[in-house]
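Peer 1: here you go, sequence then predicted model.
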Amino acid sequence: MKPDSQPRSLSAVLDSFDARWSPRIVTRVNDYDVRVAKAEGEHVWHVHEDTDEFFLVTEGELRIALREDGAEREVVLPAGSVFTVPRGTWHRPSAPTGASLLLLEPTGTSSVGDAHDPVPEHVDATTGHHLEA
Ligand code: NI
């Protein structure tokens, strides 16, 4: 994707699709995608072995369950919060009441990671969708 020549409205992008857990690539920074996604219900347990994953919650509330040192904990991100899941950490985002997210990850990163539990039908296992021109 070429660098954008015009600003892009995140709310307009979010209004342009309904699919949950199906990230759209809104721009790039060096070799990173900036993606937005709608979240509702549960994603899937997965791990990115080689990259951290940055979350900014723009609407609603996101929860991220984490498996660390043999224990499980959950972080809660209200709108306006940021959190980075460290590489190598199994995690499962969820949004019981819905949320909109902005994610930063290297281009080509699968949204279900390098290893994952069986992917349910409502979760998109791609590396992000490009927007129509
Ligand atoms: Ni992830």
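Peer 2: Arrived safely, thanks for sending.

Peer 1: pLDDT weak spots in this protein?
Peer 2: Along the chain, the model assigns pLDDT under 70 to residues 1-3, 132-133.

Peer 1: what about the strands in it?
Peer 2: Along the chain, counting by DSSP state E, strands occupy 24-29, 32-42, 46-47, 53-68, 71-78, 82-85, 90-106, 115-116, 129-130.

Peer 1: nearest to residue 122, of the ones you listed?
Peer 2: Closest approach to residue 122 among the strands of the chain is made by strand 32-42 (6.6 Å; C-beta to C-beta). Where you see a C-beta, it was placed from the backbone N, CA and C, and this is true even at glycine.

Peer 1: buried residues in that closest one?
Peer 2: The neighbour-count check on strand 32-42 (16 or more other C-beta atoms under 10 Å) flags 32, 33, 34, 35, 36, 37, 38, 39, 40, 42 as buried.

Peer 1: turn these into TSV, including distance to residue 52.
Peer 2: Putting the buried residues of strand 32-42 into TSV (distance: C-beta to C-beta, whole Å) gives the following:
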residue	distance to residue 52
32	11
33	14
34	15
35	14
36	18
37	17
38	22
39	19
40	24
42	22
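
Peer 1: which member of the residues you listed is positioned nearest residue 108?
Peer 2: Nearest to residue 108 among these: residue 33, at 8.2 Å, using C-beta to C-beta.

Peer 1: what is the nearest residue to residue 81 once chain neighbours are set aside paired to in the beta sheet?
Peer 2: Spatially, and ignoring its direct neighbours in sequence, residue 81 is nearest to residue 57 (5.2 Å; C-beta to C-beta, 6 or more residues apart in numbering). Residue 57 has the following beta-bridge partners by DSSP bridges: residue 101.

Peer 1: how about the one 5 residues further on?
Peer 2: According to DSSP bridges, the residues that bridge with residue 62 are residue 77.

Peer 1: now do the contacts for the residue nearest to the spatial centre of the chain.
Peer 2: Nearest to the mean C-alpha position of the chain, by C-alpha atoms, centre = their mean, lies residue 103 at 4.9 Å. Contact analysis of residue 103 by C-beta atoms under 8 Å, 6 or more residues apart in numbering lists 23, 33, 34, 35, 36, 37, 53, 54, 55, 56.
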